[in-house]
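Asker: Turn this into a structure:
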Amino acid sequence: MSTPISIPKLGVSMTEGTLVEWLVEDGQEVAPGDVLYRLETDKVENDIEAPIAGVVRLTGEEGETYEVGTQIGSIE
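Answerer: Below is the predicted model:
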């Protein structure tokens, strides 16, 4: 069973965010709290952490802008 990695809604008016940089590699094991990627909005840049332990599978592309809720990877 896998857990999606999605673009989170970080503010009331946020509708999209840019995946600035993956800070993990595809196939890497992560623990809860490990930083997965850096997300930029029109107001702020945030590091997004892993909610669970597992192996990361990346599908989102660095530099691309995604709507809130879009799945950009998973943790298996």
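
Asker: CA only for contacts and neighbour counts going forward, please
Answerer: Fine.

Asker: From Asp42, how far out is Leu10?
Answerer: Computed with C-alpha to C-alpha, to the nearest Å, the distance linking Leu10 and Asp42 is 11 Å.

Asker: The two: which is more packed in?
Answerer: Neighbours per residue, other C-alpha atoms under 10 Å: of Leu10 and Asp42, the larger number sits with Leu10, 15 against 10.

Asker: Which phi and psi values does the more buried one adopt?
Answerer: In terms of degrees, to the nearest 10, the main-chain angles of Leu10 are phi -100, psi -10.

Asker: The one 3 residues further on too?
Answerer: Geometry field for Ser13 lists phi and psi as phi -90, psi 0, criterion degrees, to the nearest 10.

Asker: Got the confidence number for it?
Answerer: On the pLDDT scale, Ser13 is placed at 91.

Asker: The one 3 residues further on too?
Answerer: Taken from the predicted model, the pLDDT recorded for Glu16 is 97.

Asker: The residue lying closest to it once chain neighbours are set aside: neighbour count?
Answerer: Nearest residue to Glu16 in three dimensions, chain neighbours excluded: Glu67, at 4.1 Å (C-alpha to C-alpha, 6 or more residues apart in numbering). By other C-alpha under 10 Å, the residues close to Glu67 number 15.

Asker: surely Glu67 meets Thr15?
Answerer: Yes: the criterion here is C-alpha atoms under 8 Å, and Glu67 meets it with Thr15 at 5.8 Å.

Asker: Now do the strands in the protein.
Answerer: Taking DSSP state E, the strands of the chain run over residues 3-6, 16-22, 29-30, 35-40, 45-49, 54-58, 65-67, 71-75.

Asker: Alright, calling it a day.
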